[in-house]
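In: Turn this into a model:
(4 chains)
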Protein chains: 2
Amino acid sequence: MAASADTGPVELGSLRRACRICSLNELCWPLGLQPADLERLQATVRSVGPLEAGTYLFRCGDPFTAIYAVRSGCIKSFSFDAEGHELVHGFHLVGQVLGFDAVYPDRHRCNAQVLETSTLCVVPYRDIARLSIEFPILHDHVLRLMGREFSHQLMGAERQTATQRIANFLLDIHARLQQAGLVEQEFTLPMSREDIASYLGITPETLSRLLTKLERLGLIEIDNRRVLLVDPVHLDMLAEGVSEKQLFRRIDNYQ
Amino acid sequence: MAASADTGPVELGSLRRACRICSLNELCWPLGLQPADLERLQATVRSVGPLEAGTYLFRCGDPFTAIYAVRSGCIKSFSFDAEGHELVHGFHLVGQVLGFDAVYPDRHRCNAQVLETSTLCVVPYRDIARLSIEFPILHDHVLRLMGREFSHQLMGAERQTATQRIANFLLDIHARLQQAGLVEQEFTLPMSREDIASYLGITPETLSRLLTKLERLGLIEIDNRRVLLVDPVHLDMLAEGVSEKQLFRRIDNYQ
DNA sequence: CGTTAGTTTGACGGCACTCAAAAGTTGTGG
DNA sequence: CCACAACTTTTGAGTGCCGTCAAACTAACG
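Out: Okay, here's the model as predicted:
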């Protein structure tokens, strides 16, 4: 199911700044192209949105037609397990790419749903394929893009406690929002507790308990979806596996 | 570190059969090529081996030079965590492809070590890149190959008990060996308990205990590295999440 | 204000980890 | 071929993290 609000080709100048933080920039702005060729390339990139929360970018089983880059907002990619429970694969924030899940076998293997009002760049796959023949350098770029997404998956391999995963998650979201221009330590989570828990492979109850615990420890403040990283340094130590006991021997309100 | 025993270009005829089960066959034998072009393509594929157990195909940090397909034997890919413990990413059996981990950022992100005497096909990356320009159809093939490896990673997302993982692992290894020509229900594991445990994200102790349990339940027989799948059907039900209790209410020696 | 969905908190139990030791396997040299 | 060392695997005992079930609480929306 294609997105509806297509606003046409992206104007070159206005996007150049926004493109700097985007993972697609290697694809859209490859080095070594002549200006004329560059313009033809840019012409294939389309902007879509703003899309409202709840909108599906694509659904599981849809044919592979394009790859997407988030310009603003947040996209959730997920599938359903045998019992019909949602299984969240990831959250795509500003600058991130999605859609490569369908390169093989030509159909999307998950759903992509807008979590908060979002705008995206869309690069039709047939254009990528066509242009790759014309500009071989694109071939490398596409492979590298895929490889990057791929390598991100490998991270989750290490066995981590629920506390570690939560700490890593908060730091990760914050880092990604920060890269997109956020300077404060405070931010708003775009997704529900249930989504986070599914993504981290824990239950919402455990997530809730441990968030409260992190707050009691003085590492974060959390109110609904509003998060404040009070002590990012120690939070990171927790994320890296330093045990709570040796981290908080001297803190008073440690229970 | 490149492999040593290079036996030169592969002869066309002798390999055609072996290539049928190989994941690389889409790359080496793409449809729609002229025979002359096909031959040029084949000429870039080299055979290496046999390599002894313990040999490194490549190490973490090595530059990306080629992708490999296992013709016989078994390769273990792994990295080290912060504390220096081995972290097994996967086992590559006959027909499987490895090396894509280095597409980005141009260096291998893990080690690849021979577990039992192995022979491999090697496709130098610069040849792939060069030929992709000449034969655009290769571009698609490479992407699809990567996508397939990629999608295999996505599977591990679901939360599984240790028993489920072990059952899945045994069935998976057996299925892969069977695809390569094994007809019996009996086979030999190429890797140690410690490697399996690391790969499954559990401890060797838990692995050992649960293997013994599966044997007591009459699902498998296991002696050292020799495995016999006595009851693959029920083993698969276990793997899919059916609880042991409702599966073995009527079995006598169920403790 | 009432209904519903989402979140938090509590009680309890089981699975898998840690620590520890026994048993089995492999490799080496006499 | 045996003896011994080094390593791997198995088995046991005890503990803690996290899941399940249940209930209270909060937020969102008509």
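
In: List the contacts of the residue lying closest to residue A:46 once chain neighbours are set aside.
Out: Closest residue to residue A:46 apart from its sequence neighbours, by Cβ to Cβ, 6 or more residues apart in numbering or on different chains: residue A:122 at 4.8 Å. (Glycine included, C-beta is placed from N, CA and C.) Taking Cβ atoms under 8 Å, 6 or more residues apart in numbering or on different chains as the criterion, residue A:122 is in contact with A:3, A:45, A:46, A:47, A:48, A:66, A:67, A:68.

In: For these, give me JSON lines that also has pLDDT, neighbour count and distance to DNA strand C.
Out: Below are those laid out as JSON lines (pLDDT from 0 to 100; neighbours: other Cβ atoms under 10 Å in any protein chain shown; distance: Cβ to the nearest atom of the strand, whole Å):
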{"residue": "A:3", "pLDDT": "41", "neighbour count": "20", "distance to DNA strand C": "23"}
{"residue": "A:45", "pLDDT": "83", "neighbour count": "20", "distance to DNA strand C": "34"}
{"residue": "A:46", "pLDDT": "85", "neighbour count": "18", "distance to DNA strand C": "32"}
{"residue": "A:47", "pLDDT": "86", "neighbour count": "17", "distance to DNA strand C": "30"}
{"residue": "A:48", "pLDDT": "89", "neighbour count": "21", "distance to DNA strand C": "26"}
{"residue": "A:66", "pLDDT": "91", "neighbour count": "22", "distance to DNA strand C": "29"}
{"residue": "A:67", "pLDDT": "89", "neighbour count": "24", "distance to DNA strand C": "29"}
{"residue": "A:68", "pLDDT": "92", "neighbour count": "23", "distance to DNA strand C": "25"}
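
In: Using JSON lines, lay out the residues you listed together with secondary structure.
Out: As requested, those are arranged in JSON lines below (DSSP: H, G, I helix; E, B strand; the rest coil):
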{"residue": "A:3", "secondary structure": "coil"}
{"residue": "A:45", "secondary structure": "coil"}
{"residue": "A:46", "secondary structure": "strand"}
{"residue": "A:47", "secondary structure": "strand"}
{"residue": "A:48", "secondary structure": "strand"}
{"residue": "A:66", "secondary structure": "strand"}
{"residue": "A:67", "secondary structure": "strand"}
{"residue": "A:68", "secondary structure": "strand"}
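
In: And the helices in the stretch 1-150 of chain A, which stretches?
Out: Secondary structure of the stretch 1-150 of chain A (DSSP state H, counting those that start in this stretch): helices located at A:12-19, A:25-28, A:35-44, A:125-134, A:136-155.

In: worst average pLDDT in those helices?
Out: When those are ranked by mean pLDDT, helix A:12-19 comes last with a mean of 59.

In: Ignoring the adjacent residues along the chain, who's closest to residue A:25?
Out: Nearest non-adjacent residue to residue A:25, counting by Cβ to Cβ, 6+ apart: residue A:19, 4.9 Å away.

In: Over to residue A:211?
Out: Among residues not flanking residue A:211 along the chain, residue A:222 sits closest, at 5.5 Å (Cβ to Cβ, 6+ apart).

In: how close does the residue nearest to residue A:46 sit to residue A:39?
Out: 18 Å (Cβ to Cβ, to the nearest Å).

In: ok, now residue A:111?
Out: The value you get for residue A:111 to residue A:39, if Cβ to Cβ is used, is 34 Å.

In: Who has more neighbours out of the two?
Out: residue A:111 (20 against 11; other Cβ atoms under 10 Å in any protein chain shown).

In: so who does the more buried one touch?
Out: A:56, A:58, A:59, A:60, A:77, A:78, A:79.

In: Could you tell me how many residues sit around the fourth one?
Out: Using other Cβ under 10 Å, the number of residues around residue A:60 comes to 17.

In: Over to the last one?
Out: Burial of residue A:79, expressed as a neighbour count using other Cβ under 10 Å, amounts to 18.

In: Kindly tell me how buried the closest residue to residue A:133 other than its chain neighbours is, as a neighbour count.
Out: By the measure of Cβ to Cβ, 6+ apart, the closest residue to residue A:133 outside its immediate chain neighbours is residue B:136, 4.5 Å from it. Residue B:136: 16 surrounding residues under other Cβ under 10 Å.

In: Residue A:211 now?
Out: Around residue A:211 there are 18 residues (other Cβ under 10 Å).

In: What's the separation between it and residue A:85?
Out: Residue A:211 is 21 Å from residue A:85, by Cβ to Cβ.

In: Does residue A:117 touch residue A:73 like I think?
Out: Yes - between residue A:117 and residue A:73 there is a contact at 5.6 Å, judged by Cβ atoms under 8 Å.

In: Ignoring the adjacent residues along the chain, who's closest to residue A:203?
Out: residue A:197 is the one closest to residue A:203 (Cβ to Cβ, 6+ apart), at 5.8 Å.

In: who's in contact with the one you found?
Out: Here residue A:197 is in contact with A:203, A:204, A:206, A:207 (Cβ under 8 Å, 6+ apart).

In: among these, which ones are buried?
Out: residue A:207 (16 or more other Cβ atoms under 10 Å in any protein chain shown).

In: so which of the helices of the stretch 1-150 of chain A gets nearest residue A:177?
Out: Comparing the helices of the stretch 1-150 of chain A by their distance to residue A:177 (Cβ to Cβ), the top pick is helix A:12-19, with 15.2 Å.

In: Do stretch A:70-88 and DNA strand D come into contact?
Out: No - Stretch A:70-88 lies apart from DNA strand D when judged by Cβ under 7 Å from any atom of the strand; the minimum separation is 10.0 Å.

In: quick one: buried residues of that stretch?
Out: Buried-residue list, stretch A:70-88, by 16+ other Cβ under 10 Å: A:70, A:71, A:72, A:73, A:74, A:75, A:76, A:77, A:78, A:79, A:87, A:88.

In: Mean confidence (pLDDT) on that stretch, please.
Out: When pLDDT is averaged over stretch A:70-88, the result is 89.

In: can I get the CA coordinates of stretch A:116-123 in PDB?
Out: Below are the C-alpha coordinates for stretch A:116-123, written out as PDB (Å, rounded to 0.1, in the frame of the first residue of the first chain):
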ATOM      1  CA  GLU A 116       3.800  10.100  15.000                       C
ATOM      2  CA  THR A 117       3.200  12.500  12.100                       C
ATOM      3  CA  SER A 118       6.100  11.800   9.700                       C
ATOM      4  CA  THR A 119       7.500  12.900   6.400                       C
ATOM      5  CA  LEU A 120       9.700  10.600   4.300                       C
ATOM      6  CA  CYS A 121      11.900  10.400   1.200                       C
ATOM      7  CA  VAL A 122      11.000   7.600  -1.200                       C
ATOM      8  CA  VAL A 123      13.300   6.100  -3.800                       C
END
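
In: Pairing-wise in the sheet, spell out the partners of residue A:70.
Out: residue A:120 (DSSP bridges).

In: That one contacts residue A:98, correct?
Out: Yes - counting by Cβ under 8 Å, residue A:98 is a contact partner of residue A:70 at 7.5 Å.

In: what do the two both touch?
Out: residue A:92.

In: picking that back up, filter the contacts of residue A:197 to keep only those in contact with DNA strand C.
Out: Among the contacts of residue A:197, DNA strand C is touched by A:204, A:207 when using Cβ under 7 Å from any atom of the strand.

In: Make a markdown table out of the contacts of residue A:197 and add pLDDT and secondary structure.
Out: Listed next are these as a markdown table, based on pLDDT from 0 to 100; DSSP: H, G, I helix; E, B strand; the rest coil:
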| residue | pLDDT | secondary structure |
| --- | --- | --- |
| A:203 | 96 | coil |
| A:204 | 97 | helix |
| A:206 | 97 | helix |
| A:207 | 98 | helix |
